[in-house]
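Engineer: A structural model of the following input is requested.
(one chain, ligands or ions: 2)
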Amino acid sequence: MTSEDYPKVQGGGSLILAWQVKNKNVLVVGGGEVAAGRILNLLNADAKVTVISPTSGLNDEVRYRIQNDGVEHRDKLFDPSDLDDPVPNQPWSLVLTAIDDPEASSQVWKLCKERRLAANIADVPPECDFYFGSVHRDGPLQIMVSTNGNGPKMAALVRQRIAKTLPPNIGEAIQKVGALRKKLRQIAPDISEGPKRMKWMSRVCVDWSLEDLCEMSEEDMEVLLQSYAPDTVPTFDEVHFREGRDSWPWDGSFGWSCVI
Ligand SMILES: C[C@@]1(CC(=O)O)C2=NC(=C\c3[nH]c(c(CCC(=O)O)c3CC(=O)O)Cc3[nH]c(c(CC(=O)O)c3CCC(=O)O)/C=C3\N/C(=C\2)[C@@H](CCC(=O)O)[C@]3(C)CC(=O)O)/[C@H]1CCC(=O)O
Ligand SMILES: NC(=O)c1ccc[n+]([C@@H]2O[C@H](COP(=O)([O-])OP(=O)(O)OC[C@H]3O[C@@H](n4cnc5c(N)ncnc54)[C@H](O)[C@@H]3O)[C@@H](O)[C@H]2O)c1
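Structural biologist: Residues are numbered from 1 along each chain as shown. Ligands and ions are numbered 1, 2, ... in the order given. Alright, predicted model coming up:
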């Protein structure tokens with residue numbers, strides 16, 4: 001065994017995860033511009049959001065989220081009782097602060113640590129259990145860029161640069177693959193099928209182009225899945241333009257119209 005056999009450890013990074021907060025209670029202290037960004041990230045992850053801020057301090061976007069997107073509002077300044085469990089025996093999943101009051105921010109952090117709650121205090125890296133990152137979103141695809149506190153603006157620029165290099169249909173292709181994987185698990189649910197299932201699925205992703213994957217219909221999926229048992233991967237053309245299928249399928253639209 002030599003040092004070249006395994007990846008080199010590069011300490012000083014973050015553990016980047018995709019945290020599941022669906023239907024979980026998250027507390028946001030502050031209702032300004034930074035809070036608005038945090039709230040959008042949370043709603044995109046289907047969290048149940050509660051925001052604490054005097055109404056007079058809410059920015060337009062946060063006001064809009066409260067009125068239209070199910071964000072709960074406590075019209076007050078933060079006090080320690082706000083950290084009490086929102087539902088008996090179900091603590092806050094996360095606590096985020098975005099307030100223009102460093103002393104109050106530090107107090108929230110200390111209280112969160114006493115209560116073992118994970119917290120992010122905007123603007124105070126040492127008082128963060130986790131940092132936010134710059135996120136690109138396209139359907140099921142999310143790409144997060146972090147500079148680990150070195151340059152948040154740089155994170156945004158890198159994110160924009162990466163987004164420009166992606167095919168425009170990547171989100172749609174991934175969505176289709178998700179549907180196909182679900183169907184595959186239905187026809188081959190056994191744990192013992194795992195290695196074959198994963199290998200076959202990987203081959204489909206590699207052999208078919210993104211455009212092929214985007215164009216794959218429900219019917220194509222069923223036909224493609226018939227190749228799973230014999231462990232082959234037909235081409236997109238073999239599946240999509242298969243014999244017995246209408247050579248000129250009607251897609252529900254007309255290429256002409258009559259005006260009477
Ligand atoms: C990525 C993003 C996500 C988000 O917030 O959702 C994010 N900050 C964003 C923007 C941004 N923030 C700031 C500027 C002004 C320009 C600049 O300073 O660069 C801009 C640019 C702008 O507003 O355009 C000021 C700032 N930020 C922090 C401090 C405190 C400090 O550094 O000590 C200061 C005051 C510094 C000072 O006083 O000088 C700290 C943090 N900001 C982080 C995340 C975490 C590290 C992420 C990383 O390193 O990658 C971390 C550590 C903690 C956290 O907040 O989680 C989002 C871009 C989203 C997007 O546009 O895509
Ligand atoms: N980490 C980052 O990415 C980043 C980027 C820019 C700014 N910031 C920092 O984040 C903080 C918030 O910035 P902003 O632009 O959203 O400020 P803002 O002035 O727009 O909003 C502050 C909000 O905090 C609320 N507030 C103040 N004290 C409160 C308390 N005790 N309890 C409840 N609510 C309270 C106000 O009502 C208001 O809604 C600032 O400290 C700013 O420097 C961080």
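Engineer: contacts only, for W208.
Structural biologist: W208 makes contact with 216, 235-236, according to C-beta atoms under 8 Å, 6 or more residues apart in numbering. Where you see a C-beta, it was placed from the backbone N, CA and C, and this is true even at glycine.
Engineer: can we see that at 6 Å?
Structural biologist: F236 (C-beta atoms under 6 Å, 6 or more residues apart in numbering).
Engineer: any idea how far it is from V177?
Structural biologist: 9 Å (C-beta to C-beta, to the nearest Å).
Engineer: ok, N68 next?
Structural biologist: Separation of N68 from V177 (C-beta to C-beta) stands at 32 Å.
Engineer: between the two, who's got more neighbours?
Structural biologist: V177 (18 against 8; other C-beta atoms under 10 Å).
Engineer: overlap in contacts, W208 and V177.
Structural biologist: Between them, W208 and V177 share no contacting residue, judged by C-beta under 6 Å, 6+ apart.
Engineer: count the neighbours of the residue of the stretch 51-200 of the chain found nearest ligand 2 for me.
Structural biologist: Ligand 2 sits closest to G57 of the stretch 51-200 of the chain, with a gap of 1.9 Å, by C-beta to the nearest ligand atom. Burial of G57 is recorded as 15 neighbouring residues (other C-beta under 10 Å).
Engineer: ok, now T147?
Structural biologist: For T147, the count of nearby residues is 16 (other C-beta under 10 Å).
Engineer: my guess is it meets M154, correct?
Structural biologist: Yes. Judged on C-beta atoms under 6 Å, T147 makes contact with M154 at a distance of 5.3 Å.
Engineer: list the beta-bridge partners for the residue of the stretch 1-150 of the chain found nearest ligand 1.
Structural biologist: Distances between the stretch 1-150 of the chain and ligand 1 by C-beta to the nearest ligand atom are smallest at S134, namely 3.3 Å. Following DSSP bridges, S134 is listed with bridge partners V145.
Engineer: one more: the one 4 residues further on?
Structural biologist: The partner list for D138 in beta bridges (DSSP bridges) reads L141.
Engineer: so what's H73 up against?
Structural biologist: 51, 66.
Engineer: just checking, what packs against the top helix by length along the chain?
Structural biologist: Looking across the chain with DSSP state H, the single longest helix is helix 170-187. Helices and strands touching helix 170-187, by 3 or more C-beta pairs under 6 Å, 6 or more residues apart in numbering; DSSP states H and E, are helix 210-215, helix 218-225.
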